[in-house]
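1. need a structure here:
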Amino acid sequence: MGYYMSVIIGILDSNQNTDVIVNVDTVNQKLIWIPRDLYIFPLRNRINIAFSKGGHTLFLNMINRLGYKAKHSICIPHTTSMKVFESLKISVPIREYSQYYYPLKPFTFIEDGQKIIQFDPPSEELYGERIHQYLGARYRIDKKPAFLDFDRIARQQLFLKALLETKFDFSQFLKEPIYISDQDAIQELKKVNSEYQLELFDHVVSARIRSKEVLLKKTWYAKLIRIYLNRVDPFLSSLNPLSKCK
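-> Sure thing, here's the model as predicted:
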């Protein structure tokens with residue numbers, strides 16, 4: 001891969017974990033989504049905890065282990081994105097009927113209560129809570145996606161494409177609290193326009209580590225690791241009396 005001069009954008013959840021991760025490659029004019037469930041072995045956890053554990057330094061270090069060469073990162077608290085989007089109305093295409101379980105309120109846990117939401121083609125005007133439902137819904141009811149987060153990422157890409165095409169003023173985010181590793185990151189982001197290609201880091205295989213569903217970067221040995229983990233992890237969980245309480 002080896003992309004240069006890129007900026008990593010992270011949208012933080014209430015625990016300061018990066019719920020959304022996008023690599024902004026200003027050289028090749030690409031926006032590349034990185035699944036938050038991607039497991040990084042030095043972290044011994046998913047990549048989405050890197051910022052909360054070690055700030056921009058650890059976040060960039062773990063991202064670059066995937067083969068990128070990101071120089072800067074910007075992390076946006078979920079409260080900031082909620083405030084910026086509170087007066088937004090935007091139309092997005094709906095490619096197929098879909099139905100999801102969703103928390104009773106945005107940025108709360110689905111275990112604390114859930115409701116059913118759905119999206120109907122050919123398009124929908126999003127505003128208020130509906131924006132957060134569209135961007136965040138993961139637990140699909142009508143069919144099972146191959147990878148849980150890829151369905152959600154596809155909707156995020158359509159949403160961002162719509163924002164870029166309508167020339168949305170992204171400088172609004174700078175008026176609210178955000179975390180920036182270096183001010184040069186802002187100058188890099190000003191280069192982004194509707195001509196950028198939207199891609200996904202999808203060279204992955206699924207696995208289960210310590211009873212967590214995760215993704216592993218696809219390598220020649222990844223399938224062997226997955227077989228090992230899928231055999232060992234259930235056995236270890238059966239020996240741990242606390243595992244059934246999680």
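
2. domain map for the chain?
-> 6-81+168-200, 89-165, 204-245 (automatic domain parsing).

3. reformat these as TSV; add mean neighbour count and mean pLDDT.
-> Every residue, glycine included, has its C-beta placed from N, CA and C. Formatted as TSV, these follow (neighbours: other Cβ atoms under 10 Å; pLDDT from 0 to 100):
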stretch	mean neighbour count	mean pLDDT
domain 6-81+168-200	18	92
domain 89-165	15	93
domain 204-245	14	63
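
4. all helices of the chain, in order?
-> 50-64, 78-85, 129-136, 148-165, 184-189, 222-239 (DSSP state H).

5. for the ones you listed, which one sits closest to Pro42?
-> helix 50-64 (7.2 Å; Cβ to Cβ).

6. contact partners of the closest one?
-> Residues from elsewhere that reach helix 50-64 (Cβ atoms under 8 Å, 6 or more residues apart in numbering): 8, 10, 12, 15-18, 21, 23, 34, 40, 42-43, 47, 70-73, 75, 179, 181.

7. now do the contacts for the nearest residue in space to Arg130 that is not next to it in sequence.
-> Excluding the flanking residues, the one nearest Arg130 by Cβ to Cβ, 6 or more residues apart in numbering is Glu124, at 7.6 Å. If you count contacts by Cβ under 8 Å, 6+ apart, Glu124 has them with 91-92, 94, 130, 134.

8. using a markdown table, lay out the helices of the chain together with distance to Thr108.
-> A markdown table is the format used below for those (distance: least, Cβ to Cβ, whole Å):
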| stretch | distance to Thr108 |
| --- | --- |
| helix 50-64 | 18 |
| helix 78-85 | 11 |
| helix 129-136 | 11 |
| helix 148-165 | 17 |
| helix 184-189 | 30 |
| helix 222-239 | 27 |
